[in-house]
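Chemist: just a sequence and a predicted model for now, questions to come.
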Amino acid sequence: MPALRLQQRAPGVTTLTFSLLPLTDVQLREIAGSRVPVDLAQRLEADALPPRFVASRALSLQNEGHPSPWWRVYLIIRERDQRIVGGCGFKSPLKDGRVDIQWVARSDG
């Protein structure tokens with residue numbers, strides 16, 4: 001899945017551009033096991049990975065057969081330096097036409 005690009009714009013503020021990159025199943029298993037995936041460690045800001053329970057929940061939803069959009073977890077990548085500054089994803093599958101989004105990002109972007 002290709003990265004999704006996001007831009008934050010406000011008058012008089014420098015534009016920040018971010019990409020969303022899906023975590024692989026291997027990376028999810030590493031995080032669920034309280035390990036930092038080796039391939040992400042050098043790009044990772046402190047406390048930017050999704051918590052263990054988020055990865056575990058994603059793997060459970062995947063194993064239950066829910067479609068990928070509802071269990072997939074994404075990394076938030078700051079474009080200017082390719083640093084991982086956070087993560088996001090859906091808290092649960094679509095229900096009654098609604099969905100909750102969970103995210104975490106470093107505030108010093």
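Modeler: Received the coordinates, thanks.
Chemist: quick one: the helices in the chain?
Modeler: Secondary structure of the chain (DSSP state H): helices at 25-32, 52-63, 68-71.
Chemist: got JSON lines for the ones you listed, with mean pLDDT too?
Modeler: Formatted as JSON lines, those follow (pLDDT from 0 to 100):
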{"stretch": "helix 25-32", "mean pLDDT": "97"}
{"stretch": "helix 52-63", "mean pLDDT": "93"}
{"stretch": "helix 68-71", "mean pLDDT": "84"}
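Chemist: so which of those is nearest Gln82?
Modeler: helix 25-32 (16.2 Å; C-beta to C-beta). The way it works is simple: take the backbone N, C-alpha and C, and place the C-beta from them, glycine included.
Chemist: what is that closest one packed up against?
Modeler: Helix 25-32 makes packing contacts with helix 52-63 when contacts are defined by 3 or more C-beta pairs under 8 Å, 6 or more residues apart in numbering; DSSP states H and E.
Chemist: understood, closing this out.
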